[in-house]
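>>> My questions are about this predicted structure, shown below with the sequence.
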Amino acid sequence: MSRAGSGSLPRYILQRILLVIPMIWVILTVVFVLLRVAPGDPVSAALGSKLNAQALQQRREALGFNRPLIAQYWDYLSSVAHLDFGTTFRDNQPVLRVVRDNGGATLTLTAAAFVIALVVGIPLGLLAGRYRDSAPDVVIRLFGIVSYAAPVFFVGFLLQLYVAERLGLPTSGDASPITVFEVKPKTHILLLDALLSGNGTAIQDVLKHLVLPATTLGLLICGIFIRLVRVNMLQTMQADYVEAAEARGIARGKVTWRHGFRNALVPVITVVGLQFALLLGGAVLTEPTFNWPGIGYKLVFYINNRDYGAVQGIITIFALAVVLISVLIDIVNALIDPRVRF
């Protein structure tokens, strides 16, 4: 096939979709094996204090834990293929319902954190690249390293201790009890439901609860954007077409914006998808710190109660979400930069 054909967008999209199949299979296999090699019987660990021996045995048989491991593995793959991610052991709820009820809070938190990371990280990276090796550059790079290296729960505790009281910000939950009572759940996204209800007090309350956890999680990836934009800004400003633009007498600021900044943002698009996984991992630590009622909070709850059914289902959904987001980012990147297709 010709080089033009090998770089066609439909062919590239098809290749990426086909690569997803073995990738998902490997992820599902790893999740299944890791949870099965953990010590102890999953049903006894989750329900041993609630049920007698006969009831536990009946529950094992109902869940298929008395079957050979290969049969359990096949049932697991078949269930995921039919979008059945199992049920929780302790409260016998479908995992999809748990994700639906708590996913809105996690989505709100990750979206707000991502906006904060972009709003803070990109301008600081641009500024650091524009004034290389100056005092602002050194300070910004140091801030980026500290923000990325600091444990997310530690940053959360610091904000609770030194910022919350001074600014009058709440440190627990996603809203006050009165707001949860007044706003009717329609989308399972509390902020969106408050907006749809037109309740200004509820909207303000939800946003105030969102500030600290979103800032904590946003700082987790802010440093990545600072470094990425700075490095690409430096490389772009040294390109021949930038020097040619300056030689024609175009103002330095205009060159920086039209050529440097825009081209430096192209690699950021790829990193956006990769940081989605980091945000989900950060949410698992951020949500318990602020008692934020999201999927991460529920996952920690189920881990502490050794509910393997819930843990397996939630981790599987997390993994599939990361894979799908990664594919979408690759396709968007191929649309923007045709060189990616080759």
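The structure has been received and is ready for your questions.
>>> Low-confidence ranges, the stretch 1-150 of the chain, go.
Where the stretch 1-150 of the chain drops to pLDDT under 70, the residues are 1-7, 38-52, 56, 63.
>>> how about the helices in it?
3-6, 9-36, 42-47, 53-63, 69-81, 95-130, 135-149 (DSSP state H, counting those that start in this stretch).
>>> Dump those helices to TSV, plus distance to Val327.
All C-beta atoms are positioned from the backbone trio N, CA, C, and that covers glycine. What follows is the helices of the stretch 1-150 of the chain, written out as TSV (distance: least, CB to CB, whole Å):
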stretch	distance to Val327
helix 3-6	19
helix 9-36	5
helix 42-47	32
helix 53-63	32
helix 69-81	17
helix 95-130	18
helix 135-149	26
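>>> now the ones you listed in a markdown table, with mean neighbour count?
Output for these, formatted as a markdown table (neighbours: other CB atoms under 10 Å):
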| stretch | mean neighbour count |
| --- | --- |
| helix 3-6 | 9 |
| helix 9-36 | 14 |
| helix 42-47 | 20 |
| helix 53-63 | 14 |
| helix 69-81 | 14 |
| helix 95-130 | 20 |
| helix 135-149 | 15 |
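>>> To Gly218, which of these lies closest?
Gly218 lies closest to helix 95-130 among these, at 3.2 Å (CB to CB).
>>> mind checking how far that closest one is from the chain centre?
Computed by CA atoms, centre = their mean, to the nearest Å, the separation of helix 95-130 from the middle of its chain amounts to 7 Å.
>>> Of all the helices of the stretch 1-150 of the chain, which one is nearest Leu212?
Ranking the helices of the stretch 1-150 of the chain by their distance to Leu212 (criterion: CB to CB) puts helix 95-130 first, at 10.6 Å.
>>> Just list what that closest one packs against, helices and strands only.
Helix 95-130 sits against helix 135-149, helix 190-197, helix 200-237, helix 262-264, helix 266-289, helix 295-304, helix 308-336, with contacts defined as 3 or more CB pairs under 8 Å, 6 or more residues apart in numbering; DSSP states H and E.
>>> Could you say which one of the ones you listed comes nearest to Leu127?
That would be helix 135-149 among those, by CB to CB, at 6.0 Å.
>>> residues making contact with the closest one?
Helix 135-149 is contacted by residues 121, 124-125, 127-129, 131, 155, 219-224, 226-227, 230 when judged by CB atoms under 8 Å, 6 or more residues apart in numbering.
>>> neighbouring contacts of the next helix or strand after that helix?
For helix 135-149, the succeeding helix or strand toward the C-terminus, using DSSP states H and E, is helix 152-159. Contact with helix 152-159 is made by 147, 212-213, 215-217, 219-220, 282, 285-286, 288-290, as judged by CB under 8 Å, 6+ apart.
>>> Could you measure from Ser197 over to Val180?
Using CB to CB, to the nearest Å, Ser197 is found at 12 Å from Val180.
>>> more neighbours, the two?
Using other CB atoms under 10 Å as the criterion, Ser197 and Val180 rank with Val180 on top: 17 against 14.
>>> these two touch, right, the more buried one and Asp193?
No - the pair Val180 / Asp193 is not scored as a contact, 9.9 Å apart, by CB atoms under 8 Å.
>>> Any buried residues in stretch 225-238, and which?
Phe225, Ile226, Arg227, Leu228, Val229, Arg230, Asn232, Met233, Thr236, Met237 (16 or more other CB atoms under 10 Å).
>>> Of those residues, which one scores lowest on pLDDT?
Taken together, these show their lowest pLDDT at Met237, with 69.
>>> related to what we said a few turns ago, so which of the helices of the stretch 1-150 of the chain is nearest Lys184?
Lys184 sits nearest to helix 95-130 of all these, at 13.6 Å, using CB to CB.
>>> Let me know the angle separating the closest one from helix 295-304.
For helix 95-130 against helix 295-304, the angle by axes from the mean of the first three to the mean of the last three CA atoms, to 10 degrees is 120 degrees.
>>> mind starting the numbering at 32 from now?
Let's use 32 as the start, then, which means that last one is helix 126-161.
>>> Helix 126-161 to helix 166-180, inter-axis angle?
160 degrees.
>>> What angle do helix 339-367 and helix 126-161 make with each other?
40 degrees.
>>> Report the inter-axis angle for helix 126-161 versus helix 231-268.
Using the same axes, to 10 degrees, the direction of helix 126-161 lies 50 degrees away from that of helix 231-268.
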